[in-house]
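In: Quick one, what's the 3D model for this:
(2 chains)
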Amino acid sequence: MVKHSTLIIAMLLASGQALAENQVDPDGFTNPLQNLHFNPGLDQQEFERASSDALQVYDPLESWNRRVYHFNYRFDQWVFLPVVDSYRYITPNLVQTGVHNFFNNLGEIPTLANSVLQLKGKRAANSTARLLFNTILGVGGIWDPATKMGLPRLSEDFGQTLGYYGVPAGPYLMLPLLGPSNLRDTGGLVADYSLQNAVNYLDVADASRSNPGIPVLQAIDTRANTGFRYGQLNSPFEYEKLRYFYHESRKLKIAD
Amino acid sequence: MPSLARLAALFGGLVFCASAMAVDVDAESYGYPLANPFEATIATTPPELRPELPADGDIRQHDYSVRLRPDREFELLDNFWPVTKLRYRLAEQKGRAPLIFIIAGTGAHYASGTNEYLKKLFYGAGFHVVQLSSPTSYDFMAAASRSATPGYSPEDADDLYRAMQAVRAQHPRLEVSEFLLTGYSLGALHAAFVSQIDETRRAFDFKRVLLLNPPVNLYTSISNLDKLVQTKVQGIDNSTNFYDLVLGKLTRYFNDKGYLDINEAMLYDFQQSTERLSDEQMAMLIGTSFRFSSADIVFTSDLLNRRGLITPRDYRITESTSLTPFFQMALRCDFDCYIAEQLMPMWRARYDGGSLNQLIEKSSLYALEDYLKSSDKIAVMHNADDLILGQGDIGFLRRTFGDRLTLYPHGGHCGNLNYRVNSDAMLEFFRG
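Out: Residues are numbered from 1 along each chain as shown, chains lettered A, B, ... in the order given. You can find the predicted model right below:
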């Protein structure tokens, strides 16, 4: 008897599943929601709970940060992007790529240093190889033969190194012109910058001091290659969304 | 003789039936690789099966803005300064060409991903292209919508029509041979209403109109979307919420891979890995994106109309004011709640509206049934597994559009728009 009833239950379950498998309406509609499992009516608040948690990013300087966000937004629209557009218009594509590769190559120095600091041997080797190939074969970094050889560009900065050793993010900071950051990553930015100055690779840091055109070009190149546009999330809550994305993307970068 | 007449009638009927049959694409010859509608909706088509598109650098395009509501510049609060004028994007051909308007889907911006893709596709085919934001988007509500309470389709379409006329007037030297219109998702529903308005106002006299994955019954669609975030997801407990769960999966995935690299091909690889998302998790992810749209609509509409539901009526908002508490409140209100609290009262006050059923009837494709039946220039492309449809919706499309409906077996919601078979069909329709 017991056996029978289990058999019947099993059959019922099986038939239920078979029914749930693929019921197609006569008009051809396959009703994709029919097989989903839903929470019971009184327990439907996971979205609200998760989103509410996501808004809890430590941001004691919020009102200052918001002002900077609006400042950056305006600066971007009225100065930065028009300059970037003219740069793109007057510079041949080949030159743009060359400039971009050149600055990327300089960026391998902090990546190498931070890979070493995090004891990531493979990544340090990758970075060293890139640096050598691109500087020598790529004529000072204007070309990027390393990527074609299967050495992808990976970046590590001092903020990530600090995060790797457990330094907390600290308060969220919206930096003028540079955009979203936090206290830890701002410190990292300063450290990486000093490192680049100290190493003075290819004499660029020294040359920049007498020729402000170089850092300006670097800024334009960076902006031209950053996809983000203020207003692109098209939401009254762009500030909050940006804050969350920044926070989480840094966590992802530290973890890898 | 009467029997002959009957025979003729029968034949006539058969021929009529045959010509009115929808074009059903069968799964095998279609060849779209993603049979799971949730995967298709999120990841869209694998890169190697997409059409060839012109590069950004080869497109002569520019963002413009048009002032449609001069009063809003004074009415809007400080933090709304970027959206006092309606921005749009125009990609121009050299010389004379057809001009196509593209209307974005729910909450989407003129430069959103799907709009950008459609622009490239049609620009590559030699059309001028104008990309417009959806009437449900933040910028459109603030800069172009009269009631700033989207959802009543005839009014949204009217706002759109005015915007389109203003756009045309801003480029008097642009040589246009004929006007075309398309939209995806909610934008497709708007396109149908806009096309009907154009029959009487005749500012454009659209030659062809293509609806891509439109909702049939607006209420079914929003109910489906509201429901998606209520799925039962494995692995959620008191210490792990849904976002942590997804991000945790991503972290582990990238750790296995050795380095962080987010690109389009990654999504397919991710779904092949052990960290792959279940249907419920993907449904929740899709639902989440729509809930964020509804939060934007709820907040913006309430604030622009000073309804006092989210933001207190005389609350002073400057650029430094934190909006987080209002965001949190707006997130609690889904589409259903928005309709009950804001859309219905507005519709009753302005249009002497009646019940919810009447509102749905007037805002859905049903309202245009006769027009759509008789208008040969309008066609629709839809998917049998689209998440925003309900039972009977495809039947309605079959009856209404006849052979002007193309039904694809897979693709989820708009996931196959960038599949080469679909893009070829779209271009063929507009060129033909």
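In: Report the secondary structure state of the residue nearest to the spatial centre of chain B.
Out: Nearest to the mean C-alpha position of chain B, by C-alpha atoms, centre = their mean, lies residue B:105 at 2.0 Å. Recorded secondary structure, residue B:105: coil (DSSP: H, G, I helix; E, B strand; the rest coil).
In: Isn't it up against residue B:187?
Out: Yes. In terms of C-beta atoms under 8 Å, residue B:105 counts as a neighbour of residue B:187; the distance is 4.9 Å. From N, CA and C alone the C-beta is placed, and that goes for glycine too.
In: what touches both of these two?
Out: residue B:134 (C-beta atoms under 8 Å, 6 or more residues apart in numbering or on different chains).
In: From residue A:238, how far out is the residue in the stretch 51-200 of chain B positioned nearest to chain A?
Out: Minimum separation of the stretch 51-200 of chain B from chain A (C-beta to the nearest C-beta) falls at residue B:109, amounting to 3.9 Å. From residue B:109 over to residue A:238 the distance is 11 Å, taken as C-beta to C-beta, to the nearest Å.
In: quick one, which of those two is more surrounded?
Out: Of the pair residue B:109 and residue A:238, residue B:109 is the one with more neighbours under other C-beta atoms under 10 Å in any protein chain shown, namely 24 against 19.
In: close enough to count as contact, that one and residue B:139?
Out: Yes. Between residue B:109 and residue B:139 there is a contact under C-beta under 8 Å: 6.8 Å.
In: any shared contact partners between the two?
Out: Common neighbours of residue B:109 and residue B:139, using C-beta under 8 Å, 6+ apart, are A:234, B:133.
In: Check the offset of the longest helix anywhere in chain B from the chain's centre.
Out: What stands out as the longest helix in chain B, according to DSSP state H, is helix B:279-304. In terms of C-alpha atoms, centre = their mean, to the nearest Å, the centre of helix B:279-304 is set 14 Å apart from its chain centre.
In: So which bits of it are buried?
Out: B:279-288, B:290-304 (16 or more other C-beta atoms under 10 Å in any protein chain shown).
In: any idea of the pLDDT on residue 20?
Out: With no chain named, the answer covers chain A. Note on residue A:20: pLDDT of 46.
In: actually it's chain B I care about, not the one you picked
Out: Taking residue B:20 on its own, its pLDDT is 68.
In: what do you get for residue B:97?
Out: 97.
In: got a list of what the nearest residue to it once chain neighbours are set aside touches?
Out: Using C-beta to C-beta, 6 or more residues apart in numbering or on different chains and skipping residues adjacent in sequence, the residue nearest residue B:97 is residue B:128, 5.2 Å away. Neighbour list for residue B:128: B:90, B:91, B:92, B:93, B:97, B:98, B:99, B:100, B:174, B:176 [criterion: C-beta under 8 Å, 6+ apart].
In: Give me the buried entries from these.
Out: The neighbour count (16+ other C-beta under 10 Å) marks B:90, B:91, B:92, B:93, B:97, B:98, B:99, B:100, B:174 as buried among these.
In: I'd like to know how many residues surround residue A:48.
Out: Per other C-beta under 10 Å, the neighbour tally for residue A:48 reads 15.
In: Assign it to helix, strand or coil.
Out: Quick answer, by three-state DSSP: residue A:48 is helix.
In: can you check residue A:174 too?
Out: strand.
In: From what I see, it and residue A:63 are in contact.
Out: No. Residue A:174 is beyond contact range of residue A:63, at 10.8 Å (criterion: C-beta under 8 Å).
In: Can you pull the phi/psi pair for residue B:180?
Out: Phi and psi for residue B:180, reported as degrees, to the nearest 10, are phi -130, psi 160.
In: Read off the pLDDT value for it.
Out: Taking residue B:180 on its own, its pLDDT is 98.
In: If it is in a bridge, with which residues?
Out: residue B:100, residue B:208 (DSSP bridges).
In: try residue B:380
Out: Those that pair with residue B:380 in a beta bridge, by DSSP bridges, are residue B:211, residue B:405.
In: mind listing what it touches?
Out: B:188, B:210, B:211, B:212, B:214, B:397, B:401, B:404, B:405, B:406.
In: Now a ChimeraX select for only the buried ones of those residues.
Out: Listed next is the ChimeraX selection for buried residues among those, using 16+ other C-beta under 10 Å:
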select /B:188,210,211,212,214,397,401,404,405,406
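In: pLDDT added to the contacts of residue B:380, as TSV?
Out: Formatted as TSV, the contacts of residue B:380 follow (pLDDT from 0 to 100):
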residue	pLDDT
B:188	98
B:210	98
B:211	98
B:212	98
B:214	97
B:397	97
B:401	97
B:404	96
B:405	97
B:406	97
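In: The nearest residue to residue B:210 once chain neighbours are set aside sits in which helix or strand?
Out: The shortest distance from residue B:210 to any residue other than its chain neighbours is 4.4 Å, reached at residue B:182 (C-beta to C-beta, 6+ apart). Assigned by DSSP states H and E, residue B:182 belongs to strand B:176-184.
In: Kindly report the same for residue A:116.
Out: Assigned by DSSP H and E, residue A:116 belongs to helix A:93-117.
In: Which elements pack onto that helix?
Out: Judged by 3 or more C-beta pairs under 8 Å, 6 or more residues apart in numbering or on different chains; DSSP states H and E, the packing partners of helix A:93-117 are helix A:121-136, helix A:158-164, helix A:183-199, helix A:213-224.
In: what does the second one rub up against?
Out: With contacts defined as C-beta under 8 Å, 6+ apart, helix A:158-164 is touched by A:110, A:114, A:117-118, A:169, A:184-189, A:191-192, A:195, A:250-251, A:253-254.
In: Residue B:65 looks like it's in a helix, true?
Out: No. Assigned with three-state DSSP, residue B:65 falls outside any helix and is strand.
In: okay, it: pLDDT?
Out: Predicted confidence (pLDDT) for residue B:65: 95.
In: Next up, the contacts around it.
Out: Residues in contact with residue B:65 (C-beta under 8 Å, 6+ apart) are B:85, B:86, B:87, B:88.
In: Identify the bridge partners of it.
Out: Residue B:65 forms beta bridges with residue B:87, as assigned by DSSP bridges.
In: How much space separates it from residue B:87?
Out: Distance of residue B:65 to residue B:87, given as C-beta to C-beta: 5 Å.
In: so what's residue 191 closest to, chain neighbours aside?
Out: Going with chain A. Nearest to residue A:191 is residue A:158, by C-beta to C-beta, 6+ apart, at 4.2 Å.
In: nope, chain B
Out: Nearest one to residue B:191, counting by C-beta to C-beta, 6+ apart, is residue B:183 at 3.7 Å.
In: Help me confirm that the one you found comes into contact with residue B:103.
Out: Yes. At 3.4 Å, residue B:183 counts as touching residue B:103 under the criterion of C-beta under 8 Å.
In: shared neighbours of these two, which are they?
Out: In contact with both residue B:183 and residue B:103: B:190, B:191, using C-beta under 8 Å, 6+ apart.
In: Tell me the secondary structure at the nearest residue to residue B:50 once chain neighbours are set aside.
Out: Closest residue to residue B:50 apart from its sequence neighbours, by C-beta to C-beta, 6+ apart: residue B:418 at 4.9 Å. Following three-state DSSP, the label given to residue B:418 is coil.
In: Check for me that residue A:229 belongs to a strand.
Out: No. With three-state DSSP as the criterion, residue A:229 is coil rather than part of a strand.
In: Out of residue A:174 and residue A:63, name the residue with the larger neighbour count.
Out: Counted by other C-beta under 10 Å, residue A:174 and residue A:63 do not tie: residue A:174 has more neighbours, with 25 against 13.
In: Check the gap between that one and residue A:59 for me.
Out: Distance from residue A:174 to residue A:59, by C-beta to C-beta: 9 Å.
In: So for the two, which residues contact both of them?
Out: Contact criterion C-beta under 8 Å, 6+ apart; residues shared by residue A:174 and residue A:59: residue A:65.
In: Check the contacts of helix A:158-164 for burial and list the buried ones.
Out: Buried subset of these (neighbour count, 16+ other C-beta under 10 Å): A:110, A:114, A:117-118, A:169, A:184-189, A:191-192, A:195, A:250, A:253-254.
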